[in-house]
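S.K.: Predicted model, plus sequence, below.
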Amino acid sequence: MNTNEKSLKGFRVVAILMIFLQLCNMIAYLSPAILMGDIIESLNIDYTVAGFTITIVVAMCGVCMFIGSFVQDHIGTWNTIFISLILIAAGNLLTATSTTILVLMVGRAVLGIGYGFSQTSAIPNITYWFKGKAQTYMITINLIVTSIGLSLAYLLPGWIKTAFGSWESVYYVIAVFAAIVTVLWFIAGKLLHAPGFPERKMAEPGKQKAHGQSSLFKAIRVKQYWAITIICVFMMFINVVNGTYMPTILTIERGFLPEMAVTVTSIVCFVGMFGSMLGGFIATQTGRRKPIMIASISIMWVSLFGMLIANNTVLLIVAASIFGMSAMMFYPPLTSMVIETQPDYSILGGAFALTNGVGMIISLFIPSIFTKLSVVTGSMTSAFKILSVILFIALSIAFALKETGQKVKAETEISEIS
């Protein structure tokens, strides 16, 4: 077997393990939404407390993305993801064995820590192993798997519970799966760094620190990262409100049947897979990032209004489909832009902690903000229309971003030579 064949097999192993990691995260994170009634009955708690089983994961993930960037600076992306997998397996095992709400919350918090560590290191790890078009494709696959994981999170828990007879069995299964991925990740790490395996020319991001600075401190000094962070916060605001409150808006305020409201939510998640594919394909083929992001935000804004004013089922489904496509089409070029903004790969851990972590932390306050805005405006529909103005702000900021795509870089180099 020649060197190139070994290298290709190694990259395939990394790709498969990254997919398994993201599936573990998504399914474990959202599964309580389906098992809420069983958890409430088993632990004798109310819906308000049960809701925190999801919120605490988001909170810990947001905070631990920042902590994870410091961890990654010292031990590298591969080892940070290895630790995250151990935490994900342990968190799900604690959740499965919980007999009190305290133990359950501890388990979910541990899961959130692991989720945060993995989210900080996932894309930097991809940039280490994949280059050029392969890197863009792998980023797109990572986003597609996120959409698939979100969809499976609404299906698998019910199937597992039916097969094994309890809600706890869902977390035992996820814990076992995460433990298997952890072992495979450890073995792959040993093999990929073994003598004879082709070494990467670039040092692993996270194990290099220029001038003794952490990746996070370096990232917060880059203006473009702050602009991207603000856009990400606004996009998360819209997506969280849509996913949480749109079913209620459609049934109570717009007069649609509950079944249709659930269908619309599912459509948004499902078509997101194709949106990710489209965004990644266009970004790869055109070599540009900024125009795709601008188009995505613009289409998202129009389609959101379409969902809020639709007066029949056909228009609602069309608007929801366009919204789901445009919302996910935005992320492949955005992720590429974060990577390409700075040529120093040691900054990536901090860059992704900043651009993603701030939004996750702020998302904890979204329900309170939206509820108060709904009271002031008199309806959730009016509140959402007013809130959609932040997409216009995001669009304005996107116009001010510096293009980072290969096409622009190539054109710049040619003009400099001329």
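M.R.: Nice, I can see it.

S.K.: before we move on, what SS does Lys218 have?
M.R.: helix (DSSP: H, G, I helix; E, B strand; the rest coil).

S.K.: Kindly report the same for Lys402.
M.R.: coil.

S.K.: Next up, the contacts around it.
M.R.: Contacts for Lys402 (C-beta atoms under 8 Å, 6 or more residues apart in numbering) come out as Gln224, Thr341. (Each C-beta comes from the backbone N, C-alpha and C, glycine too.)

S.K.: Let's see the pLDDT reported for it.
M.R.: As predicted, Lys402 sits at a pLDDT of 93.

S.K.: Look at Met369 and report its pLDDT.
M.R.: Just so we're on the same page, residue 369 is Ile rather than Met. Predicted confidence (pLDDT) for Ile369: 88.

S.K.: Quick one: neighbours of it, just the number.
M.R.: Ile369 has 14 neighbours, counted by other C-beta atoms under 10 Å.

S.K.: after the helix or strand hosting it, next one along is what?
M.R.: Using DSSP states H and E, Ile369 falls within helix 366-377. Going down the chain from helix 366-377, the next helix or strand is helix 380-387, by DSSP H and E.

S.K.: Identify the residues contacting that next one?
M.R.: Residues contacting helix 380-387 (C-beta under 8 Å, 6+ apart): 237-238, 241, 245, 248-249, 253-254, 304-305, 308, 370, 373-374, 376-377.

S.K.: for it, the distance to its chain's centre please.
M.R.: 25 Å (C-alpha atoms, centre = their mean, to the nearest Å).

S.K.: And for stretch 350-369?
M.R.: That offset, for stretch 350-369, works out to 12 Å (C-alpha atoms, centre = their mean).

S.K.: just for the stretch 1-150 of the chain, where's the confidence low?
M.R.: Judged by pLDDT under 70, the stretch 1-150 of the chain has its weakly predicted residues at 1-10, 48.

S.K.: Quickly find the element holding the residue most central in space within the chain.
M.R.: In the chain, the centroid-proximal residue (C-alpha atoms, centre = their mean) is Thr146; its distance is 6.5 Å. Secondary structure assigned from DSSP H and E places Thr146 in helix 132-152.

S.K.: swap in Ile86?
M.R.: helix 77-97.

S.K.: got the buried residues for that helix?
M.R.: 77-96 (16 or more other C-beta atoms under 10 Å).

S.K.: and that helix, what does it pack onto?
M.R.: With contacts taken as 3 or more C-beta pairs under 8 Å, 6 or more residues apart in numbering; DSSP states H and E, helix 77-97 sits against helix 3-30, helix 47-75, helix 101-129, helix 168-192.

S.K.: could I get those as CSV with distance to Val262 and mean neighbour count?
M.R.: Output for the helices and strands packed on helix 77-97, formatted as CSV (distance: least, C-beta to C-beta, whole Å; neighbours: other C-beta atoms under 10 Å):
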stretch, distance to Val262, mean neighbour count
helix 3-30, 15, 18
helix 47-75, 18, 20
helix 101-129, 25, 24
helix 168-192, 21, 19
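
S.K.: Would you mind saying which of the ones you listed lies nearest Thr265?
M.R.: Closest approach to Thr265 among the helices and strands packed on helix 77-97 (C-beta to C-beta): helix 3-30, 12.3 Å.

S.K.: and the angle for that closest one with helix 101-129?
M.R.: Computed by axes from the mean of the first three to the mean of the last three C-alpha atoms, to 10 degrees, the angle separating helix 3-30 from helix 101-129 equals 150 degrees.

S.K.: Of the contacts of helix 380-387, which is the most crowded?
M.R.: Neighbour tally across the contacts of helix 380-387 (other C-beta under 10 Å): the maximum, 25 neighbours, falls on Leu304.

S.K.: give me the element it is part of.
M.R.: Going by DSSP H and E, Leu304 is part of helix 290-309.

S.K.: Buried residues in that helix, which are they?
M.R.: Per 16+ other C-beta under 10 Å, helix 290-309 contains these buried residues: 290, 292-297, 299-301, 303-304, 306-308.

S.K.: doesn't Gly112 make contact with Cys61?
M.R.: Yes. Using C-beta atoms under 8 Å, Cys61 makes contact with Gly112 at a distance of 4.8 Å.

S.K.: Apart from its chain neighbours, what residue comes closest to Gly189?
M.R.: In space, Gly189 comes closest to Trp78 once its chain neighbours are excluded; the distance is 5.6 Å by C-beta to C-beta, 6 or more residues apart in numbering.

S.K.: What does the pLDDT read for Ile267?
M.R.: As predicted, Ile267 sits at a pLDDT of 83.
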